Every structure is written in C-alpha cells, then in structure tokens.
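Asks: Below are the sequence and a predicted model; questions follow.
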Amino acid sequence: MTTKPTREQQTKEAKSNGSTVSAPVKPGWEELEIGAVVHTGNGTEYKTGDWRSERPMVDKDKCINCLFCWVFCPDAAVNVVDEKFSSIDYYHCKGCGICATECPAKCISMEDEAKFQNEVTVVNSSGAVVVNSKSNGGSGKGGLK
Amino acid sequence: MSKLIAATGNQAVAQAMRQIDPHVVAAYPITPATDIVEEFSTFVAEGLVSTEFVPVESEHSAMSACIGASAAGARAMTGTSSQGLALMWEMLYIASGLRLPVVMAVANRALSAPLSIHGDQSDAMGARDSGWIQLYCKNQQEVYDTMLQAIRIAEHDEVRLPVMVCYDGFIVSHSLVGVNLIDDDEAKAFVGKHKAKNSLLDTKNPVTVGPLTLFDYNFEFRRQLAEGMFHAPAVIDEVAREYAKISGRYYGRYEKYSLDDADLGIVVLGSAASTAEIVVDRLRDRGIKAGILRLKALRPFPKAELAQELGHLKALAILDRADSPGAYGGPVGLEVRSALLENTKKPIVINGIYGLGGRDTTTDQLQSVYDRLLNIVETGTVDEPLFYLGVRGGKVNGRKSEAAIARSGSSR
C-alpha cells in the first residue's frame, strides 16, 4: 500500500503538472479530523501578520525589559527569551499598537507596513517561523532598530 | 439467561438504558415518551445506575446537553416525540455534524397542528435528512433489542453517527406485553465500554469542537459524514448478527414476511406490519400470494436490497404513516419508488397514507390495500396511484356525501 503524498509533495506535483497553484493543496475529506474537531496548537500556522497596516518597531537600546508589551499583546506576538524582550512575531502581529501605547519606556513606534512590502515570511519544515527581510526601509533584523 | 418481564415499549427502553448505564441522560417530558425517562429516573434514584440525570427545560436543551456530554467523552442518551423532536431539530444536525454517538428513543407521535398526542411517523420522517441513523421497530421486544444495538452502531469507528430508535407512540410505547431481557452482564459486555473520541475532558490533548468552516472546508466534512452513513449498513448487520448470538433474535435492516414468492406486496414501517401479517396469513390461506417487506432502517436506506427483494412483485403498495403534502406520495413512497427506478423488472406501485394521528390501522383497512393490488394485477390499470387509507370523507362509489356537497357548494 503506497503512503499518501504529503501536502508539500502534492503541491510540488501539482506545480509540475502545470497548474498554477500558489498555496499548498488543501486536504481531502479523508485526511481531515472527524467532525471538524481541531487539535491544539494550530493557531501557529495561521498567518495573521498580513492583516497589518502598520507594525511595531522596538528600540532595544531603550527597552527596559518590563515585558508590558508581552503582557498586553492580545495575540501573544511578543517573543520573550530569558525574561527579556527578544523580538516581535511578525507572522502573527496584527499591528493593533497596544504594545506601543503601553510601553512605559516609549521605545516602540508604529511604522507604515508599506515600507516592509518586500519582506518574505515563511514557515520552515520544522514549523518555525523565519522572517527574511529584504525591504528597503526595514533594518532586516526581524523588527529591531 | 434471559428474563421475561411485562413491559410497555417505554419501559423496554428504560430497561435497555438501565443495562447500558449511560454517563448522562438529559431529557424533557413529552407524551408519549415521558415515562421512558420517568422510569429511568427511578433507577437513578434507587442507585441501579450511575447515570448523571439532568432534567432540562426543553427538548432543545436535552439534545444540547447530550451533545455537550458526548463531546466531553460521555455516553449520552435521551428520548422524545413529535414536538419535542421538532424543537430539537437544529441540534439533531449538530449532533450528527459533530459525529457524536448519541442514542435517542423516539416514540413516534403526530406533529401538530392539529394537536395530536397519538402515533404516526411524521416526527421522525422530518428528520431523515439530519444525518441520524433511523431504525424503526414494530414491537416492544424489538425496541429493547434495538436500543442495545444502537449504542454499538453509533459508537463504531467507521460510523460515529447518532442513532434514533423509533416506534409507534401509544401503540408500542404504552401497550404492555412480555419482553425478554438478556442478562445484565451479557448486555453490559455486548454494549462494552464507551469509546470516546477527541474528548473535551482529555486535557492532555486539548481540542476545539464545533469550529467555523468556510466554503473551502465545509463540503469536505459533509462528505466525511456521508462516508459514515455508507459504512452503516455493514455495521448494522454485523452488530445485529452479534446480538443474535446472545439473544436468538436478528432484525437486520429490513424484515420479510412471506415475500419471496409473493405477487402482491406492501412496504410498511413499524407496528402496522404486525397487523398486516394477520391479513397476509388469511390471504395465503385463500391461495393469494401476498407478502410484506417491513423496513427497519430508513437511514441508511437499503436501496440495493429493496430493489432486489421487491422487483419480482406484480403490484406493490407502499404505506406511509406520514404525509408529505405536495410530494408525489409520502416520504417512504418516494424513496422506495426511486429505489426501483433502475430495475428492469419492477411492480406497479401505489402509495397509501395511513394511520395519521394514531388512526387505528385495522386488518380490514390492510385487506382493502391488498384488494387494490389484486385489482391492479387483474385489470392492469391503476385507479389511484396515491390514496389515503382509513380516512372518512372523499367519494364513495364516485359520489361525495350530502354534507360535503352542502359545505363546499360543489359535487365535484
């Protein structure tokens, strides 16, 4: 019995057949969980970052690591490592600006998303979000000035 | 070791529920289903079961509570009729769409208006598109046996669909007869432990139940549901065979009475089949080859089997204990006709609506149906492809009554 092709393989196959699919092939009904039950953790795959019209840029030199931005972010889009601010998760950040409003050190500014149009964000094969910034206006360091 | 008790259809359901001992029963009373849960609640009070019994404020809530319980990993059951089933209509689709194995007893009762508490099948017929498996029983014994099997069918990995066990209100639900119960331990072993799937209470595997699906996913889940129904016939038969080994009683998805060599046949669901058996015996004594096909599983509909079993008949009357005003016949009539469509050999078909609102369906009435079929075979013509059996009024010998003429102002 042959194993079912993965979605990556299906996409590759579809593309090589000349179809103009630009997104991974969606699962067929046999592949879906019964009764539309959704298992946990799936939110990480849903790119809400493209909803933004402006993005928060954090000045790490001014940041006092109070983590207010992390507390207030409604989307859990602030990455914290070792109890210090690390980066903004631009794959999920919707640009609401609450972090900028709440930051006591005023080190977060909201900047026009149009400046970052050439940025490419992908989810790699192990599920990690990797931001490759190729913009003209951005710093290319994942949202840090 | 079976035990013979005196039980009504509702009491038989309650006994089955006692042996099943579901985790949750949430119910609301309605005639003629009320005493299922009345009886069962005494078992709860006496500690004969460990069921969490939730008396809710409406049938809609009853099904909602059963859905919630089932999604949380519990074995959930309930019972209702008529307006109650109608009130929970949106929740029926939720239960099947979420693929929850809820089992419900339905004491079939006429839908209002006009108000009626008595038995006909209009309530369950209205739910035949809901994705529920529908099994119709002719007597109290079958109701008990089917309730036990329903749990196994619903919870089967290849099905995972809710099941309604239907039987005629008052006629079966309230008449007292001898019912053979299988041993409590045998019943428990047959039904087995509940197999929950994606339980909300499984905190190690958190899930979301009932998400929104947009146009790019909804269809796939509906197709998935259909697949559960496609597997149901084999599962129903398999479970029936297993149950027959314990009980000695096998029902399958339909039952034949004197049908194999018959020229004249009827298709009927529920208790009227038993009455028809008496009529068939008398006809056979007179040398007339009459038979009955009693349909047990309306969903999944045994199209291939019916096409096979009915094809050889010369004339067939499909009897509906529900009407579908404006359709070319009653619900079962439409379905059985379409099952015969591809047959090269098929009978002349007529469709009769009978027994609405608990109208007593007598041997005389059923005899008249066979008389119609005899007439069709002899003359080769059909006077009335659709007819109403046992209703007062209409034309007698081609003429309306004086009162009817006076009322309508016309003799037509």
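Replies: Received the coordinates, thanks.

Asks: Next one, pLDDT for the nearest residue to residue A:113 once chain neighbours are set aside please.
Replies: Of all residues not flanking residue A:113 in the chain, residue A:52 sits nearest, at 4.9 Å (CB to CB, 6 or more residues apart in numbering or on different chains). For every residue, glycine as well, the C-beta is placed using N, CA and C. As predicted, residue A:52 sits at a pLDDT of 94.

Asks: what ranges do the strands span in chain A?
Replies: A:38-39, A:54-58, A:78-81, A:84-88, A:108-112, A:120-123, A:129-132 (DSSP state E).

Asks: Could you verify my assumption that the residue nearest to residue A:113 touches residue A:112?
Replies: No. If you go by CB atoms under 8 Å, residue A:52 and residue A:112 don't touch, sitting 9.9 Å apart.

Asks: Next up, the contacts around the residue nearest to residue A:113.
Replies: By CB atoms under 8 Å, 6 or more residues apart in numbering or on different chains, the residues touching residue A:52 are A:90, A:93, A:94, A:95, A:113.

Asks: From chain B, how far out is it?
Replies: For residue A:52, the distance to chain B equals 22 Å [CB to the nearest CB, to the nearest Å].

Asks: So what sits opposite the closest residue to residue B:368 other than its chain neighbours in the bridge?
Replies: Nearest residue to residue B:368, sequence neighbours excluded (CB to CB, 6+ apart): residue B:389, at 7.2 Å. With DSSP bridges as the criterion, residue B:389 is bridged to residue B:354.

Asks: Now do the contacts for residue B:389.
Replies: Applying CB under 8 Å, 6+ apart, the residues near residue B:389 are B:319, B:352, B:353, B:354, B:355, B:361, B:365, B:368, B:369.

Asks: go again using 6 Å as the cut-off
Replies: Shown in contact with residue B:389 (CB atoms under 6 Å, 6 or more residues apart in numbering or on different chains): B:352, B:354, B:365.

Asks: Save those residues as JSON lines, and put in pLDDT, distance to residue B:94 and neighbour count too.
Replies: Listed next are the contacts of residue B:389 as JSON lines, based on pLDDT from 0 to 100; distance: CB to CB, whole Å; neighbours: other CB atoms under 10 Å in any protein chain shown:
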{"residue": "B:352", "pLDDT": "97", "distance to residue B:94": "35", "neighbour count": "26"}
{"residue": "B:354", "pLDDT": "97", "distance to residue B:94": "33", "neighbour count": "24"}
{"residue": "B:365", "pLDDT": "97", "distance to residue B:94": "39", "neighbour count": "20"}
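
Asks: ok, residue 113 - how many residues close by?
Replies: I went with chain A, as the question did not name one. Counted with other CB atoms under 10 Å in any protein chain shown, residues neighbouring residue A:113 total 17.

Asks: I was after chain B.
Replies: Residue B:113 has 6 nearby residues by other CB under 10 Å.

Asks: So it: helix, strand or coil?
Replies: coil (DSSP: H, G, I helix; E, B strand; the rest coil).

Asks: circling back to that earlier point, and of the contacts of residue B:389, the nearest to chain A?
Replies: residue B:354 (38.2 Å; CB to the nearest CB).

Asks: wait, isn't that closest one in contact with residue B:319?
Replies: Yes. In this structure, residue B:354 is within contact of residue B:319 by CB atoms under 6 Å, at 5.4 Å.

Asks: what helices or strands is the helix or strand of chain B with the lowest mean pLDDT leaning on?
Replies: Least confident helix or strand of chain B, by mean pLDDT, DSSP states H and E, is helix B:402-408 with a mean of 88. Here helix B:402-408 touches no other helix or strand, going by 3 or more CB pairs under 6 Å, 6 or more residues apart in numbering or on different chains; DSSP states H and E.

Asks: just the CA coordinates of that helix, formatted as PDB?
Replies: Once non-C-alpha atoms are left out, helix B:402-408 reads as follows in PDB (Å, rounded to 0.1, in the frame of the first residue of the first chain):
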ATOM      1  CA  GLU B 402     -74.600  15.300   1.000                       C
ATOM      2  CA  ALA B 403     -73.000  17.200   3.900                       C
ATOM      3  CA  ALA B 404     -69.700  17.500   1.900                       C
ATOM      4  CA  ILE B 405     -71.600  18.900  -1.100                       C
ATOM      5  CA  ALA B 406     -73.500  21.300   1.100                       C
ATOM      6  CA  ARG B 407     -70.300  22.600   2.700                       C
ATOM      7  CA  SER B 408     -68.300  23.100  -0.500                       C
END
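
Asks: Give me the distance from that helix to the chain's centre.
Replies: Distance of helix B:402-408 from its chain centroid, counting by CA atoms, centre = their mean, to the nearest Å, is 39 Å.

Asks: Show me which residues of that helix are buried.
Replies: Buried positions in helix B:402-408, judged by neighbour count with 16 or more other CB atoms under 10 Å in any protein chain shown: none.

Asks: so what's residue 34 closest to, chain neighbours aside?
Replies: If you meant another chain, say so; for now it's chain A. residue B:99 (5.0 Å).

Asks: ah, I was thinking of chain B
Replies: residue B:10 is the one closest to residue B:34 (CB to CB, 6+ apart), at 8.0 Å.

Asks: Just the element for the one you found, please.
Replies: Using DSSP states H and E, residue B:10 sits in helix B:9-20.

Asks: which residues touch the helix or strand just after that helix?
Replies: Sequence order places strand B:24-27 as the next helix or strand after helix B:9-20, per DSSP H and E. With CB under 6 Å, 6+ apart as the test, strand B:24-27 has contacts from B:37, B:51-54, B:56, B:62, B:65-66, B:69, B:74, B:76-79.

Asks: 8 Å instead, please
Replies: B:17, B:36-37, B:40, B:44, B:51-56, B:61-63, B:65-66, B:69-70, B:74-80.

Asks: next helix or strand past it?
Replies: Counting by DSSP H and E, what follows strand B:24-27 is helix B:34-45.

Asks: residues in contact with that next one?
Replies: Against helix B:34-45 from outside (CB under 8 Å, 6+ apart): B:8, B:10-11, B:13-14, B:17-18, B:25, B:27, B:29, B:49, B:51, B:53, B:55, B:78-79, B:105, B:107.

Asks: Among those residues, name the buried ones.
Replies: B:8, B:10-11, B:13-14, B:17-18, B:25, B:27, B:29, B:49, B:51, B:53, B:78-79, B:105, B:107.

Asks: quick one: low-confidence parts of chain A?
Replies: For chain A, applying pLDDT under 70 flags the ranges A:1-24, A:119-145.

Asks: and with 50 instead?
Replies: For chain A, applying pLDDT under 50 flags the ranges A:1-2, A:21, A:135-145.

Asks: Repeat that for chain B.
Replies: For chain B, no range has pLDDT under 50.

Asks: Can you name the residues of it that neighbour chain A?
Replies: By CB under 8 Å from any CB of the partner chain, the residues of chain B that approach chain A are B:97-100, B:160, B:197-198, B:205-211, B:213, B:216-217, B:220-221, B:223-224, B:227.

Asks: Would you map the helices across chain A?
Replies: A:7-16, A:68-72, A:98-102 (DSSP state H).
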